[in-house]
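>>> With the input below, show me the fold.
(one chain, ligands or ions: 4)
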Amino acid sequence: QRIQGDLSAAIQNGEIEPWFQPQIRLTDGTVHGVEVLARWQHPTMGLLNPVAFLPAAERAGLTVELDHAIWRQAMQHAQGWQAEKLWYPRISLNAAPDTLSDPYLIERVLLHMQRTGLTSDQVVIEVLETTLINGSDDMAFLNIDSLAECGIALELDDFGTGYASLSRLTQLPVAGIKLDRSLVAPLPDPRADSILRALLALATELDLHVIAEGVEDEAIAAHLNMRGCLLGQGYRFARPMPADEFTAWLSENG
Ligand code: G
Ligand code: G
Ligand code: MN
Ligand code: NA
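Residues are numbered from 1 along each chain as shown. Ligands and ions are numbered 1, 2, ... in the order given. Predicted coordinates for the structure are as follows:
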């Protein structure tokens, strides 16, 4: 309907833009990376979150275009932070199932890198745990291998909400997992804590790094740190911010 009709033009004219949420080292509070989150500054409906337009983009076959429009803008901002020596940027980009299965994925990512001068250690691709289970075809698995060969890390997003990806973790070149906030928010609840400890043990065993999502307060951050979870993201540290706000945040916290 309305959203779907406006979407293609909005992608073209930059109405859909990257916002940024820092990922923090829980041991010392320094900045590890930043997750890039799409936002649509809609002329009449105001600020829209992905939940309001990603499904429509998917139905319209526009997610690949949308993801790359966001990635390109995000990497341009990162180039600026690098140039201003505010920070050695490390950005995490969300990939929709269609984006992961795109035969031109590697070519497009390398082109963004070439244009911005960012190197493969500065780019992380996040895919949902469920994408690997439901949305992956041979092309997706080829891409996953190629990303690893290029030195680009792959992280599993919303980890703990899908299922059966434990065996996949041993077969795929996954660098890290992002603990879903439904596992993090209840901490230090004993059951949530048991799951946390089990997942951290598994991650250590498989040599995966772990980022806790939805870290909303200091008690949760301290608990995670006590259990040996090194990285966290959430409102305790910062909300997702537009680029100019994140630039200001970096000059205070970077
Ligand atoms: O920012 P917010 O919590 O509303 O994001 C919700 C979800 O939308 C994120 O967890 C992420 O999976 C998805 N998302 C955010 N930005 C992008 C994007 O640029 N591309 C894709 N494919 N998904 C995104
Ligand atoms: O990639 P993913 O879908 O996990 O994106 C994270 C989403 O969670 C974003 O939409 C972001 O706005 C949201 N978010 C980030 N930090 C917090 C938090 O501390 N609490 C809650 N409830 N949501 C958060
Ligand atoms: Mn994500
Ligand atoms: Na997530």
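>>> Which of the residues in the longest helix along the chain are classified as buried?
Scanning the chain for the helix with the most residues, using DSSP state H, yields helix 63-83. Using 16 or more other Cβ atoms under 10 Å as the test for burial, helix 63-83 gives 63-71, 73-75, 77-79, 81-82. To be clear about C-beta, it is placed using only N, CA and C from the backbone, and glycine gets the same treatment.
>>> can you check stretch 19-33 too?
Trp19, Phe20, Gln21, Pro22, Gln23, Ile24, Leu26, Val31, His32, Gly33.
>>> Tell me what the fifth one is bridged to.
When you say that, I think you mean Gln23. For Gln23, the beta-bridge partners are Gly33 (DSSP bridges).
>>> same check, this time on the first one
Under the criterion DSSP bridges, Trp19 forms beta bridges with Leu37, Pro242.
>>> which other helices and strands contact the longest helix of the chain?
For helix 63-83, the elements it packs on are helix 2-12, strand 16-25, strand 31-42, helix 50-59, strand 91-94, helix 97-100, helix 105-116, helix 243-253, judged by 3 or more Cβ pairs under 8 Å, 6 or more residues apart in numbering; DSSP states H and E.
>>> Out of these, which gets nearest to Asp217?
strand 16-25 (13.4 Å; Cβ to Cβ).
>>> what residues does this structure put near ligand 3?
Proximity of the chain to ligand 3, by Cβ under 5 Å from the ion, involves residues Asn94, Glu126, Asp157.
>>> among those residues, which are in reach of ligand 4?
With Cβ under 5 Å from the ion as the criterion, those include Asp157 near ligand 4.
>>> Give me the buried subset of the residues of the chain next to ligand 3.
Neighbour counting with 16+ other Cβ under 10 Å marks Asn94, Glu126, Asp157 as buried within the residues of the chain next to ligand 3.
>>> mind checking the backbone torsions on the second one?
Note on Glu126: its backbone torsions stand at phi -100, psi 130 [degrees, to the nearest 10].
>>> list the contacts for it?
Glu35, Ser92, Leu93, Asn94, Ala95, Leu154, Glu155, Leu156, Asp157, Lys178 (Cβ atoms under 8 Å, 6 or more residues apart in numbering).
>>> just to revisit the earlier point, widest-spaced pair of the buried residues of stretch 19-33?
Between any two of the buried residues of stretch 19-33, the greatest separation by Cβ to Cβ is 22.4 Å, found for Trp19 and Leu26.
>>> now Glu252: how far from Ala83?
To Ala83, Glu252 is 19 Å away according to Cβ to Cβ, to the nearest Å.
>>> ah, wrong one, I meant Gly29
Gly29 is 25 Å from Ala83, by Cβ to Cβ.
>>> One more: His223?
To Ala83, His223 is 38 Å away according to Cβ to Cβ.
>>> same deal with Val215?
For Val215, the distance to Ala83 - Cβ to Cβ - is 30 Å.
>>> quick one: Pro103 from Arg115, how far?
20 Å.
>>> tell me which element Lys178 falls in.
In the assignment (DSSP states H and E), Lys178 maps to strand 176-179.
>>> Quick one: list the elements packing against that strand.
strand 153-159, helix 190-205, strand 209-212.
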